[in-house]
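S.K.: structure here, sequence nowhere to be found:
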């Protein structure tokens with residue numbers, strides 16, 4: 001069929017497009033050209049209420065005037081606790097106990113806070129009309145507001161937060177599908193539609209089974225607003241992986257650099273230089289050059305313009321010029337606690353620390369003030385402190401304050417299995433017939449049990465405050481906190497958190513396969529141990545045993561020492577039959593005697609080990625009967641906190657590398673060492689992730705097997 005020309009005239013506004021005929025028209029994609037609102041003529045049929053310039057307003061019963069909310073009563077504050085020698089309170093971190101509306105009014109009158117808060121993140125109740133309890137069944141908070149009452153409750157606090165924010169500040173509001181649309185209209189009303197940045201969709205959990213009449217509900221939402229057009233913004237990126245870098249499919253023969261080709265034009269017409277000719281060519285219809293001709297000439301001179309065989313220019317974008325892919329508004333990596341290895345406080349609805357880390361790093365700088373007026377378990381405050389930000393937290397729940405204080409002192413704890421007994425859990429998480437095969441297992445298990453989250457410093461530089469009249473409600477919390485804050489922290493200095501984060505970034509950048517593991521597992525938590533005689537004793541006792549058996553025998557052996565504190569002198573007072581009765585074999589009794597002798601005679605000196613290189617320290621440790629290279633390497637990782645040790649002979653590390661990198665037994669040692677070379681100087685961190693990868697894979701297989709059995713049972717029924 002021959003295409004006939006159009007039988008009607010084109011409107012005048014299309015006359016300037018000069019649409020080309022033939023093949024050029026077929027290859028030109030349709031483009032949306034932005035229009036200016038000032039060019040739009042008001043329609044006579046459109047009244048003032050429905051004008052395009054009028055933002056929608058949410059009307060409901062009980063909506064108060066903004067001036068009335070701002071003029072309401074402010075909280076009267078009493079100091080509950082502060083560390084000795086803390087500087088002036090206005091510049092200190094603060095944790096408030098009381099009603100956040102009255103406390104926000106109090107902060108609004110504080111010159112050190114009003115207009116100085118760079119970032120606000122809040123995770124308010126979701127209007128679920130439920131009461132929430134902690135994992136230990138302590139009452140946490142009640143979420144009983146709904147409808148107009150909930151909207152006005154949140155609107156009043158958002159109004160005060162708007163006044164407290166700095167001009168270049170940002171606000172993040174975390175909600176679910178029930179109220180996110182209502183609160184979006186409220187935020188547009190308070191901040192203006194132009195202040196809206198994103199509605200981030202976060203995958204909160206694993207797939208649901210409630211799909212008989214609807215799609216599975218696995219997401220919640222974060223509304224991101226800024227107070228002005230120029231907020232603080234540190235562009236977050238996801239590190240390159242092989243799949244993400246697939247678009248960079250071209251390689252320069254001269255340099256070997258990978259690049260992708262992108263257009264040198266952009267949508268919209270321009271009348272200036274970017275709308276004219278360059279090298280004799282006009283930009284495609286409805287578009288303009290991205291750069292002036294002079295800049296395009298400079299790019300071409302540097303070899304950054306690719307010319308197709310037909311003479312069409314495209315710009316080269318090199319892979320090595322970007323640290324990664326800009327983060328988009330769908331976040332899949334920050335689910336709530338979803339497996340037994342995730343560390344939690346036990347407070348209900350607590351959020352993933354990685355989520356807060358991304359938000360705080362993107363919308364604030366070190367030294368900035370971060371505020372969370374629904375502090376809950378203290379995730380925002382803890383992450384802000386770790387990232388070098390100042391912070392203010394507010395919560396009306398006594399359990400929330402107690403949880404935050406526990407977190408400040410000792411961090412989080414591995415969630416574990418809340419139902420299954422430990423002995424049975426150890427059996428079900430391993431393949432049938434397999435016994436303990438990795439020293440990583442026992443030392444990691446001891447580290448987790450003894451130091452839940454000690455790879456971080458305790459948070460003590462803050463002031464605890466309360467509304468006047470509510471101070472006594474915190475008496476028990478404060479007594480517990482004073483004991484925790486005064487207790488000395490055990491163990492050698494752990495690797496700095498910043499160094500671990502740097503290790504994660506470097507490993508992700510260098511190794512695409514390991515990057516995927518890091519994204520799945522989350523932050524590295526190499527928990528420190530005391531680094532002395534008892535660590536080596538535990539390692540020898542745990543050799544060739546399952547986790548549960550090792551834990552039982554360790555407990556029995558420690559019970560033989562005075563006050564349960566192992567020492568070489570104490571071991572000399574314990575008889576061989578007593579050690580055998582505790583569960584040690586004759587050979588292990590000989591090993592622990594050799595260890596005690598080396599430490600007592602100074603042959604194995606802890607301070608001397610710290611001054612040695614990794615290789616020399618391993619040689620010194622291997623001089624003790626019963627300590628082989630694997631045990632020595634684990635000791636360096638967990639007790640001496642050496643970050644560049646690769647225990648390639650450990651069976652768990654071996655199994656993990658064979659799975660992740662598709663290695664075979666033949667030639668494993670050479671290939672494993674070659675792969676590990678790219679991880680220097682963070683091979684210990686990479687090894688930690690390899691072990692976690694294997695553990696995660698086994699747990700996934702276990703759950704799949706359970707699901708398969710359940711399916712067959714239901715099918716048979």
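M.R.: Looks like it arrived, so ask away. As the structure is a computational prediction, the values presented were derived from the model and not from experiment.

S.K.: show the contacting residues for the closest residue to residue 564 other than its chain neighbours.
M.R.: Excluding the flanking residues, the one nearest residue 564 by Cβ to Cβ, 6 or more residues apart in numbering is residue 558, at 4.8 Å. Every C-beta, even on glycine, is put in place using the N, C-alpha and C of the backbone. Counting by Cβ atoms under 8 Å, 6 or more residues apart in numbering, residue 558 touches 534, 564, 565, 566.

S.K.: just flag the most distant two among these.
M.R.: Taking Cβ to Cβ as the measure, the contacts of residue 558 span a maximum distance of 9.8 Å, between 534 and 564.

S.K.: circling back to that earlier point, among the contacts of residue 558, the buried ones, what's the ChimeraX command?
M.R.: A single ChimeraX command is used to select the members of the contacts of residue 558 judged buried by 16 or more other Cβ atoms under 10 Å:
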select :534,566
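
S.K.: reformat the contacts of residue 558 as JSON lines; add secondary structure.
M.R.: Below are these laid out as JSON lines (DSSP: H, G, I helix; E, B strand; the rest coil):
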{"residue": "534", "secondary structure": "helix"}
{"residue": "564", "secondary structure": "helix"}
{"residue": "565", "secondary structure": "coil"}
{"residue": "566", "secondary structure": "coil"}
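
S.K.: count of neighbours near residue 120?
M.R.: By other Cβ atoms under 10 Å, 26 other residues sit near residue 120.

S.K.: I meant residue 308, not that one.
M.R.: So residue 308, with other Cβ under 10 Å, has 9 neighbours.

S.K.: same question for the one 3 residues further on.
M.R.: Under the neighbour criterion other Cβ under 10 Å, residue 311 is assigned a count of 9.

S.K.: do the one 5 residues further on as well
M.R.: The local packing count at residue 316 equals 19, with neighbours defined by other Cβ under 10 Å.

S.K.: sec struct for residue 358, please.
M.R.: Secondary structure for residue 358, judged by three-state DSSP, is helix.

S.K.: residues in contact with the residue nearest to it when sequence neighbours are not counted?
M.R.: Leaving aside its chain neighbours, residue 358 sits nearest to residue 236 (5.7 Å; criterion: Cβ to Cβ, 6+ apart). Residue 236 is in contact with 326, 327, 358, 361, 362, counting by Cβ under 8 Å, 6+ apart.

S.K.: ranges for the strands of the stretch 601-717 of the chain?
M.R.: Secondary structure of the stretch 601-717 of the chain by DSSP state E, counting those that start in this stretch: no strands are present.

S.K.: surely residue 106 touches residue 74?
M.R.: Yes - counting by Cβ atoms under 8 Å, residue 106 touches residue 74, with 4.5 Å between them.

S.K.: more crowded one of those two?
M.R.: More crowded of residue 106 and residue 74, by other Cβ under 10 Å: residue 106, with 20 against 16.

S.K.: now do the particular helix or strand that has the more buried one in it: distance to the chain's middle.
M.R.: Per DSSP states H and E, residue 106 falls inside helix 100-108. Remark: helix 100-108 is offset 29 Å from the chain centroid, using Cα atoms, centre = their mean, to the nearest Å.

S.K.: contacts for the helix or strand following that helix, please.
M.R.: Downstream of helix 100-108, the first helix or strand assigned by DSSP H and E is strand 117-122. Contact partners of strand 117-122, identified using Cβ under 8 Å, 6+ apart, comprise 157, 161, 164-166, 168-174, 232, 356, 359-360, 363-365, 368-374, 380, 389, 392.

S.K.: mind giving me the ChimeraX command for buried ones among these?
M.R.: This is the ChimeraX syntax for the buried subset of the contacts of strand 117-122, where burial follows 16+ other Cβ under 10 Å:
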select :157,161,164,165,166,168,169,170,171,172,173,174,232,356,359,360,363,364,368,369,370,371,372,373,374,380,389,392
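
S.K.: among the contacts of strand 117-122, which ones are in strands?
M.R.: Judged by DSSP state E, the contacts of strand 117-122 include 165-166, 168-174, 369-372, 392 as members of strands.

S.K.: please name every helix or strand in contact with whichever helix or strand residue 463 is part of.
M.R.: Using DSSP H and E, the element containing residue 463 is strand 462-467. The contact analysis (3 or more Cβ pairs under 8 Å, 6 or more residues apart in numbering; DSSP states H and E) places strand 462-467 against strand 77-81, strand 93-97, helix 398-410.

S.K.: what do you get if the cut-off is 6 Å, keeping everything else the same?
M.R.: With contacts taken as 3 or more Cβ pairs under 6 Å, 6 or more residues apart in numbering; DSSP states H and E, strand 462-467 sits against strand 77-81, strand 93-97.

S.K.: next, the angle from the last one to helix 398-410.
M.R.: Compare the direction of strand 93-97 with that of helix 398-410 by axes from the mean of the first three to the mean of the last three Cα atoms, to 10 degrees and you get 150 degrees.

S.K.: what angle separates strand 93-97 from strand 462-467?
M.R.: Going by the same axes, to 10 degrees, strand 93-97 makes 30 degrees with strand 462-467.

S.K.: residue contacts, residue 362?
M.R.: By Cβ atoms under 6 Å, 6 or more residues apart in numbering, residue 362 lies in contact with 234, 236.

S.K.: relative to residue 373, how far out is it?
M.R.: Per Cβ to Cβ, to the nearest Å, residue 362 is found 20 Å from residue 373.

S.K.: again, but for residue 240
M.R.: Counting by Cβ to Cβ, the gap from residue 240 to residue 373 is 38 Å.

S.K.: next one: residue 108
M.R.: For residue 108, the distance to residue 373 - Cβ to Cβ - is 12 Å.

S.K.: which intervals of the stretch 501-650 of the chain have sub-threshold pLDDT?
M.R.: 527-531 (pLDDT under 70).

S.K.: how about the helices in it?
M.R.: 512-521, 533-542, 547-559, 568-572, 576-582, 586-600, 606-611, 614-622, 629-638 (DSSP state H, counting those that start in this stretch).

S.K.: and residue 513, what is it in contact with?
M.R.: Counting by Cβ under 6 Å, 6+ apart, residue 513 makes contact with residue 660.

S.K.: do that again at 8 Å, thanks
M.R.: Contacts of residue 513 (Cβ under 8 Å, 6+ apart): 660, 661.

S.K.: residue 79: neighbouring residues, count only.
M.R.: 12.

S.K.: likewise for residue 553?
M.R.: 18.

S.K.: need the contact list for the closest residue to residue 74 other than its chain neighbours.
M.R.: Using Cβ to Cβ, 6+ apart and skipping residues adjacent in sequence, the residue nearest residue 74 is residue 105, 3.8 Å away. By Cβ under 8 Å, 6+ apart, residue 105 lies in contact with 70, 72, 73, 74, 75, 160.
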